[in-house]
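Chemist: Okay, here's the prediction I keep looking at, along with the sequence it came from:
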Amino acid sequence: MILPIGHESQEVRRLPWVSFAVIALCVITHLLVSPAVKVNRSASEEAAIQAVWYWVEHPYLELDPEFKAQISLNESEWNDLRQSGKGANPSQDPAQLQAEQEWLDHLTGIFLRTLHKNPYYRWGLIPKRIGFPGLISHMFIHGGWLHLLGNMLFFFLTGPFIEDIWGRWLYGFFYLSMGMLAGLIYCLHYPNQNIILIGASGAIAGVMGAFLVYFWKTRIRFAFFLTFLFSGTFKAPAWMMLPLWVGVESLNAHTMDRISPGLRDGGVAHWAHVWGFALGFLAAMVLRWTGLVQRRIAPAIEKKTRLSDPGLETYEQGLIRLEKKDYEAARDSFLAAARSHPGDLDILEYLEVATRHTGERDLFLRQAARVIEHRLHKKDTATALALYHRLRQDTPAESIPIRASALLVQPLLDSGNETEARTLMDHVLLNFAPDLPHGFFFALAEPARRLGGERIERLRDLAQNRPDLPAPVQQELDKNPAGDDGEKSANCRRRRELRVTTAVPLRLGADLLELRLDNGAERRLELKRVASLAVVALATADGPPNLLFDLFLDDPAADEGPLRLLRLDSKAFDPRPLAAPHSGTAEAFSAFVDRLLENSSARPWPDARILDTRRIPQYPDLDAYHRELAGSTG
């Protein structure tokens, strides 16, 4: 026995999903079909034996032609069976003779009904009844594990490589077409045959024919087993072994036709193999001759599977432009390369050279800051600090971008460089951008406490304009500086107990309130963070009272800690767009409060009076209201 076990061209550019899907479908189908086939085969054999033996005992009866066609016996064998029961004579009673015939028909009918339930019969391809779905489904059904594994071995060694050349869609169409055409020609060759054709070998033979066209020089490795003591491996080129294989298949097909002309081919569909291989070879030759694959399919696959790095290609272009002293073009190339490789120091170095000639030092510093941020994100603190110290040789701390400066304070402190850390911290607090992400507050909280002074207070003041800060970040900011005694901590709490951020509501959603703060920044507040809602009226010198809508981010009834609230002043916004379809201002304000309470699950403060416009708590001025709030926190 000789089996192929590999070949030299075993690299593909991308995973052959169509080939994997075919293998998976064949295996799954076999697992599902095999148990039913086993049970059905046992029942069919038992029914066939009962019918044949009854006929042998009554050879003068007529067998159902379909029954005879399904039994693997030729006319000579049927005659021998008839002769074995020759001594039996037909009954002279017509009624008895009819009853015997009916019983034989009943037995053969049981066999045929059982046969028709066999998955092979239902989903296989039978020459006498060509049609769907058998023309396709027969390719995914196999007669046993050896049949399946043998086919999948040949397929695995050829299919993925044709899929790699032709692409998935063309290859999938080709595979199904080869299986259908090979099966159809086989049926036309044996038009009266009732033996079921199953297996993927016709389609796989087509793939092997295509493999010969594209990989004819490839040396295939074979394993041979002549005896247990005489086995080994050898290599031979595809142009020799594949034609030899199809030649042997053709010889076997002709031999079986001579032995059993027009009936069957010995249980192996040799002609399906031959025609599948020939059609696959012809189809591949046509595709190669027309150049369709080379012109249309190959470029698309190459584009998807190209392993080159566009960022490095752009970097190389920048080096060429730098050598030609085209500094502006080189700068653009290095910036494009940096987007693909944000932490690359070599790209940064050449960008510095280009910007030195273009006079764009700030542009270089911004990119250097991005490299520092990237290195810190990757936990490469040593490289980030080394780059910072290199920049500081000729760059003041005030020129380092804020984001990188904020992230560097903690690493500088940890490395023992407190002076640089203090310089950067003061630079950050002085030029703090209002839209910095939450993480920067968290990153600065501990360094601010360690460096002392008023830095933590300054950071807390900046946080008042950020009602969107998550609770963990706010808790980190609220921690006391190390070494504070209890009295000092209590004083700090009293000084910062009430934190008010004024804003204008823009849009009210089911779970978000969009706001514009005093500094012009727009924020989104998750309504689930609102603990309580207060509505109060402040007396004015003339005219109706002024309404304040306070959204408490902390519990106003707590005994300690800061009380943060977001204040919406009725003078600053129109409630009607927020509480449509209400037209009146008073009605809209009331609906706005109802929606806030409903969407946030917040508690009304101090009680449910705020839901009644006639009972809203009133205060003579803002100080009186603030004193009550301060008292409510203990």
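Modeler: Looks like it came in fine. Just so it is clear, the structure is predicted and the values come from calculations on it, not from any experiment. Numbering: from 1, shown residues only.
Chemist: quick one, strands of the stretch 451-600 of the chain?
Modeler: 498-508, 512-517, 522-526, 532-538, 546-552, 563-569 (DSSP state E, counting those that start in this stretch).
Chemist: Now those strands in JSON lines, please, with extra columns for mean neighbour count.
Modeler: The C-beta positions use only the backbone N, C-alpha and C, and glycine is treated the same way. Putting these into JSON lines (neighbours: other Cβ atoms under 10 Å) gives the following:
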{"stretch": "strand 498-508", "mean neighbour count": "17"}
{"stretch": "strand 512-517", "mean neighbour count": "18"}
{"stretch": "strand 522-526", "mean neighbour count": "16"}
{"stretch": "strand 532-538", "mean neighbour count": "20"}
{"stretch": "strand 546-552", "mean neighbour count": "21"}
{"stretch": "strand 563-569", "mean neighbour count": "21"}
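Chemist: Nearest to residue 411, out of those strands?
Modeler: strand 522-526 (29.3 Å; Cβ to Cβ).
Chemist: Just the angle for that closest one relative to strand 512-517, thanks.
Modeler: Interaxial angle, strand 522-526 versus strand 512-517 (axes from the mean of the first three to the mean of the last three Cα atoms, to 10 degrees): 150 degrees.
Chemist: contacts for strand 522-526?
Modeler: 466-468, 503, 506, 511-517, 551, 566 (Cβ atoms under 8 Å, 6 or more residues apart in numbering).
Chemist: Tabulate the strands of the stretch 451-600 of the chain (TSV), appending mean pLDDT.
Modeler: As requested, the strands of the stretch 451-600 of the chain are exported to TSV (pLDDT from 0 to 100):
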stretch	mean pLDDT
strand 498-508	87
strand 512-517	88
strand 522-526	88
strand 532-538	89
strand 546-552	90
strand 563-569	88
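Chemist: Compare those strands and give me the one nearest residue 601.
Modeler: strand 532-538 (10.4 Å).
Chemist: quick one: contacts of that closest one?
Modeler: 545-552, 555-556, 565, 593, 596-597, 600, 602-606, 610, 616-622, 625.
Chemist: Just the buried ones from the residues you listed?
Modeler: 547-552, 556, 565, 593, 596-597, 600, 602-606, 610, 616, 619, 625 (16 or more other Cβ atoms under 10 Å).
Chemist: Residue 355 reaches residue 361, doesn't it?
Modeler: Yes: using Cβ atoms under 8 Å as the test, residue 355 is close enough to residue 361 to be in contact (6.4 Å).
Chemist: More neighbours: those two, which one.
Modeler: residue 355 (22 against 14; other Cβ atoms under 10 Å).
Chemist: And the pLDDT for that one?
Modeler: Note for residue 355: predicted pLDDT of 93.
Chemist: For it, give me its contacts.
Modeler: So residue 355 contacts 331, 361, 363, 364 (Cβ under 8 Å, 6+ apart).
Chemist: let's see 6 Å
Modeler: Neighbour list for residue 355: 363, 364 [criterion: Cβ atoms under 6 Å, 6 or more residues apart in numbering].
Chemist: That one belongs to a strand?
Modeler: No: under the criterion used here (DSSP: H, G, I helix; E, B strand; the rest coil), residue 355 is helix, not part of a strand.
Chemist: do you know how far it is from residue 614?
Modeler: Per Cβ to Cβ, to the nearest Å, residue 355 is found 68 Å from residue 614.
Chemist: For residue 269, find the nearest of the strands of the stretch 451-600 of the chain.
Modeler: Nearest of the strands of the stretch 451-600 of the chain to residue 269, taken as Cβ to Cβ: strand 512-517 at 66.8 Å.
Chemist: and the closest one, what does it pack onto?
Modeler: strand 498-508, strand 522-526 (3 or more Cβ pairs under 6 Å, 6 or more residues apart in numbering; DSSP states H and E).
Chemist: Can you dump the C-alpha atoms of the shortest one in PDB for me?
Modeler: Coordinates of each C-alpha in strand 522-526 appear next as PDB, following Å, rounded to 0.1, in the frame of the first residue of the first chain:
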ATOM      1  CA  GLU A 522     -19.800  69.800  27.400                       C
ATOM      2  CA  ARG A 523     -20.200  66.700  29.600                       C
ATOM      3  CA  ARG A 524     -22.500  63.700  30.000                       C
ATOM      4  CA  LEU A 525     -23.700  62.800  33.400                       C
ATOM      5  CA  GLU A 526     -25.000  59.300  34.100                       C
END
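Chemist: longest helix anywhere in this protein?
Modeler: helix 17-57 (DSSP state H).
Chemist: got the CA positions of the helix or strand just after that one in CSV?
Modeler: Sequence order places helix 65-70 as the next helix or strand after helix 17-57, per DSSP states H and E. Taking only C-alpha atoms (Å, rounded to 0.1, in the frame of the first residue of the first chain), the coordinates of helix 65-70 have been written out as CSV:
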residue,chain,number,x,y,z
PRO,A,65,-37.7,-6.4,-10.4
GLU,A,66,-36.7,-3.5,-8.0
PHE,A,67,-35.9,-6.1,-5.3
LYS,A,68,-33.6,-8.0,-7.7
ALA,A,69,-31.9,-4.9,-8.8
GLN,A,70,-31.0,-3.9,-5.2
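Chemist: Show me what secondary structure element comes after helix 65-70.
Modeler: helix 75-84.
Chemist: contacting residues around that next one?
Modeler: Helix 75-84 has contacts (Cβ under 6 Å, 6+ apart) with 56, 59.
Chemist: Enumerate every residue touching residue 517.
Modeler: Residue 517 neighbours (Cβ under 6 Å, 6+ apart): 465, 503.
Chemist: Also residue 381?
Modeler: Applying Cβ under 6 Å, 6+ apart to residue 381 gives the contacts residue 411.
Chemist: ok, now the one 3 residues further on?
Modeler: Neighbouring residues of residue 384 by Cβ under 6 Å, 6+ apart: 372, 375, 376.
Chemist: same check, this time on residue 108
Modeler: Contacts of residue 108 (Cβ under 6 Å, 6+ apart): 51, 64, 67.
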